[in-house]
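Based on what follows, work out the 3D shape:
(3 chains)
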Amino acid sequence: MSNILECQSLVKKYGLKTALSGIDLKIEPGHITGLLGPNGSGKSTLIKLINGLLVPDSGSIKINGLTPGIETKKIVSYLPERTYLDNASKVKDIIVFFEDFYDNFNKEKAYDMLSHLNINPNDRLKTMSKGTKEKVQLILVMSRDAELYCLDEPIAGVDPAARDYILNTIISNYNENASIIISTHLISDIENILDDIVFIADGKVKLKSTVDDIRFKEGKSVDALFREVFKC
Amino acid sequence: MTWNLNSDRPIYSQLIDKLKMDIISGVYNPGDKIPSVRELAADASVNPNTMQKALAELERDGLVFSQRTSGRFITEDKNMIKNVKNQLAIEQITEFFERMNQLGYKKEETIKLIESALRGKENE
Amino acid sequence: MLSKLIKHEFNATSKTLGILHIALFITTIMGIIAINLSKNDNYEYISSLTLIIYVLILIAVAVAVLIYLVVRFYRNLFTDEGYLMNTLPVKPSYLIFSKLIVSFVWSIINFVCTIFSILLLVLSQTSIASFFDTWNEITKYAWNEIGVSISSLLFLGILGGLVSIIYMFLMFYTSIAIGQTMRTHKVLFSMGAYVVLYIISQIISTMGLMPFGFFALLQTDNLNIETIFTPLMLSSYAISIALIVLYFFITNYIISKKLNLE
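Numbers count the residues shown, from 1 in each chain, chains lettered A, B, ... in the order given. Purely as a prediction, here's the structure:
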């Protein structure tokens, strides 16, 4: 089985500025991986490359052995940091949209999770609070039966109770065939659900390990290690 | 169930400890069926792989066994459970004596302190 | 996939554009009332004013339709919504096609409604008979002066209209696509790109139509607009179509390789 993500000497520049200066990374399938790094580390650039929103300048990136394109977009479910849905539309219309374009979208699952949270599918997004909108987006993303879930800051800007629900949703939706990449600042909140962590800074991978390995070897949490490694 | 996982020890060993406690203290009775990996992981808010690792070790130790289609069960072997209980007790005691040692108390002094503390409680 | 994109594009745009066209309809009624009132001398002022407003609103609606569709192209593909649209498992060309087709259809709808509105106003004043009289006059003029039948004139006109609608939208789309590749001042750069594209396309058109100029010069003694008119029209359409293809390629390339979502 090929790696769900494989980057070789991946380079991406924005004009004169280099965002990724040679990323070498392999992620095995079936893991929940945390992509951790300070602002400007190249995290969001890497995520955009995974989703085909950017094209590498040199080096390669492969999802399940495929170059990012239509076929990878079918198997990658992406939750960006922002609200990417049409604010004027109703939840049920968005569900129809996802159903139309994604073969692996599970409508029943989506409706199930929505009713769990007492979100009315007839409501328009613009009538919802920010936290509710984020939950709706997460539900849509997790209702797809994808091979790679790419979650960019899924719990930032959300109250602690909602955070628990979101983390719970991620755990319970997890299956051995799917991999999850979570990019976040809020390390201590999600440490416990991660298998692997990748520290990325200055456009390079600084460290790849497992949560338990770090705790075992360093005797501290990943959050604490991060603060040490990236002290300002 | 509160799992109270702290952040500087490996998660899976904390899960093993908590599960052992649950078995010893009777939260799970011998022969009980325990929830699935997914449910336990969600309850503890941890990665299912990590929970799986913890359960696998408990299986290796014999505290837990799995039946292919029906799931995982606590062992019926009450002696084994008792042994684990004793082992944990001994660990607690050893730790206690070590700490008392750090405070400067020798073994005999520690035992005397325990006795007087207990008598004090009886007199209340 | 393309049909699904088109379907969703229609659903998303029909509310706003539907309202605009209902406004058009209401304005038409207002116009008819005004034109009927103009017969009464007492109301001359108001009716003239109302007619002016009618014309302005008709123009405003047409412009609003254009602006709405062009802004939508930008918003849906290059701002936050772009994170959804550009990660759909569809070809970037389909994204462009769907928007182009829907913009085209709405433009036709707007055009037809506008013509219909004017027709209603005109017909409420004249009889059908005199309308057809005027029509015949125009037909005769077309044949005598330009040497084309009214039907080929109409055909060329409609063809030209359709081509220019697609051309206009694509030029906006391409400008927007070019502008969004910049880090800041995207809108400003889009406008700049539009100007540049306009200049380039004018140069290309002029060069492409020069042969006709020479041809006309060579025929000074027997200058006959009949022989030139239709070929001239068709050639200019061909140039527009070639530019359409060029713009499409540029936009497609940018969306595929040079996307710059923030």
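
quick one, phi/psi of the one residue sitting closest to the centre of chain C?
Centroid-nearest residue in chain C, with CA atoms, centre = their mean: C:Ile165, separated by 3.5 Å. When read as degrees, to the nearest 10, the backbone of C:Ile165 gives phi -60, psi -50.

so where's the chain uncertain?
The chain I'm using is chain A. Chain A contains residues with pLDDT under 70 at A:1.

try again with chain C
Residues of chain C meeting the criterion pLDDT under 70: C:43, C:127-128, C:142, C:145-148, C:215-217, C:219-227.

What is the subsequent helix or strand relative to the helix or strand harbouring B:Phe65?
Assessed by DSSP states H and E, B:Phe65 sits inside strand B:64-67. Going down the chain from strand B:64-67, the next helix or strand is strand B:71-74, by DSSP H and E.

ok, back up a step: now name the helix or strand holding the residue lying closest to the residue nearest to the centre of chain C once chain neighbours are set aside.
In space, C:Ile165 comes closest to C:Ser107 once its chain neighbours are excluded; the distance is 4.8 Å by CB to CB, 6 or more residues apart in numbering or on different chains. Just so you know, the C-beta spots here come from the backbone N, C-alpha and C atoms, and that holds for glycine as well. C:Ser107 is located in helix C:92-123, with elements delineated by DSSP H and E.

got the buried residues for that helix?
Within helix C:92-123, the residues that qualify as buried are C:92, C:94-103, C:106-107, C:110, C:113-114, C:117, C:121, counting by 16 or more other CB atoms under 10 Å in any protein chain shown.

can you pull the contacts of the residue nearest to C:Ile165?
C:65-66, C:69, C:165, C:169 (CB atoms under 8 Å, 6 or more residues apart in numbering or on different chains).

ok, 10 Å please
Counting by CB atoms under 10 Å, 6 or more residues apart in numbering or on different chains, C:Ser107 makes contact with C:62, C:65-66, C:69, C:161-162, C:164-166, C:168-169.

quick one: terminal-to-terminal distance for stretch C:118-137?
This stretch, stretch C:118-137, spans 19 Å end to end (CA to CA, to the nearest Å).

Now do the SS call for the residue of the stretch 101-250 of chain C found nearest chain B.
The nearest approach of the stretch 101-250 of chain C to chain B comes at C:Arg183, 38.5 Å away (CB to the nearest CB). The local conformation at C:Arg183, judged by DSSP: H, G, I helix; E, B strand; the rest coil, is coil.

How about C:Pro89?
Under three-state DSSP, C:Pro89 falls in the coil class.

burial of it, as a residue count?
Look at C:Pro89: counted by other CB atoms under 10 Å in any protein chain shown, it has 17 neighbours.

contacting residues for it?
A:52, A:69-76, A:101-103, C:1.

Identify, from those residues, the entry nearest to A:Ile27.
Closest approach between those and A:Ile27, by CB to CB: A:Val76, at 12.7 Å.

For that closest one, give the beta-bridge partners.
A:Leu148 (DSSP bridges).

How about chain B: which residue is closest to chain C?
B:Asn47 (26.0 Å).

Could you count how many residues lie near that residue?
When neighbours are counted by other CB under 10 Å, B:Asn47 registers 28.

and it, backbone torsions?
phi -70, psi 130.

Next, the residue most central in space within chain A: secondary structure please.
In chain A, the centroid-proximal residue (CA atoms, centre = their mean) is A:Leu151; its distance is 1.8 Å. When classified by three-state DSSP, A:Leu151 comes out as strand.

what's the burial count for the closest residue to A:Leu5 other than its chain neighbours?
Ranked by CB to CB, 6+ apart and with sequence neighbours excluded, the top spatial neighbour of A:Leu5 is A:Ile27, at 4.3 Å. Neighbours of A:Ile27 under the rule other CB under 10 Å: 22.

Could you do A:Gly203 as well?
Neighbour tally, A:Gly203, other CB under 10 Å: 22.

dump the residue contacts of it.
Contact analysis of A:Gly203 by CB under 10 Å, 6+ apart lists A:10-13, A:17-23, A:37, A:40-42, A:45-46.

What about those, which are in strands?
Per DSSP state E, strands hold the following members of the contacts of A:Gly203: A:10-13, A:17-23.

Which ones among those residues also lie next to chain C?
A:Lys17 (CB under 10 Å from any CB of the partner chain).

Which PyMOL command selects the buried ones in the ones in strands among the contacts of A:Gly203?
Applying 16+ other CB under 10 Å to the ones in strands among the contacts of A:Gly203, the buried members can be selected in PyMOL as follows:
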select buried, chain A and resi 10+12+18+19+20+23
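
would you list every one of the strands in chain A?
Under DSSP E, chain A gives strands at A:5-14, A:17-27, A:32-36, A:58-63, A:76-79, A:148-152, A:179-184, A:196-201, A:204-210.

Relative to C:Phe25, which of those is closest?
Smallest distance to C:Phe25 across those (CB to CB): 42.5 Å, for strand A:76-79.

where do the helices sit along chain A?
Taking DSSP state H as the criterion, chain A carries its helices at A:43-50, A:70-75, A:91-101, A:107-116, A:130-142, A:160-173, A:187-190, A:211-218, A:222-229.

Just send the ones you listed back as CSV, with mean neighbour count and distance to B:Ser70 too.
Formatted as CSV, the helices of chain A follow (neighbours: other CB atoms under 10 Å in any protein chain shown; distance: least, CB to CB, whole Å):
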stretch, mean neighbour count, distance to B:Ser70
helix A:43-50, 23, 40
helix A:70-75, 18, 33
helix A:91-101, 19, 36
helix A:107-116, 15, 26
helix A:130-142, 21, 29
helix A:160-173, 18, 21
helix A:187-190, 19, 33
helix A:211-218, 18, 29
helix A:222-229, 18, 36
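
For A:Glu81, find the nearest of those.
Judging the helices of chain A by CB to CB, what sits closest to A:Glu81 is helix A:43-50, at 7.6 Å.

what's that closest one packed up against?
strand A:5-14, strand A:17-27, strand A:32-36, strand A:58-63, strand A:76-79, strand A:148-152, strand A:179-184, strand A:196-201 (3 or more CB pairs under 10 Å, 6 or more residues apart in numbering or on different chains; DSSP states H and E).

Contact partners for the residue most central in space within chain B?
Nearest residue to the geometric centre of chain B (CA atoms, centre = their mean): B:Met21, 3.1 Å. Residues near B:Met21 by CB under 10 Å, 6+ apart: B:27, B:84-85, B:88.

so which of these comes closest to B:Phe65?
Using CB to CB, the contacts of B:Met21 come closest to B:Phe65 at B:Val84, 14.6 Å.

Name the helix or strand for the closest one, please.
helix B:78-103.

which residues touch residue 103?
I went with chain A, as the question did not name one. So A:Asp103 contacts A:74, A:144-145, C:89 (CB under 10 Å, 6+ apart).

The chain in question should be chain C.
When contacts are counted by CB under 10 Å, 6+ apart, C:Ser103 touches C:9, C:13, C:65-66, C:68-70, C:72-73, C:165-166, C:168-170, C:172-173.

got it, and B:Gly71?
By CB under 10 Å, 6+ apart, B:Gly71 lies in contact with B:33-37.

Tell me the spacing between A:Glu52 and chain C.
For the record, residue A:52 is Gly, not Glu. Separation of A:Gly52 from chain C (CB to the nearest CB, to the nearest Å): 7 Å.

In this model A:Gly69 seems to touch that residue, though I could be wrong.
Yes. Applying CB atoms under 10 Å as the test, A:Gly52 and A:Gly69 come out as touching, 6.2 Å apart.

okay, the two: which has more neighbours?
The neighbour count for A:Gly52 versus A:Gly69, taken as other CB under 10 Å, is higher for A:Gly52 (23 against 13).
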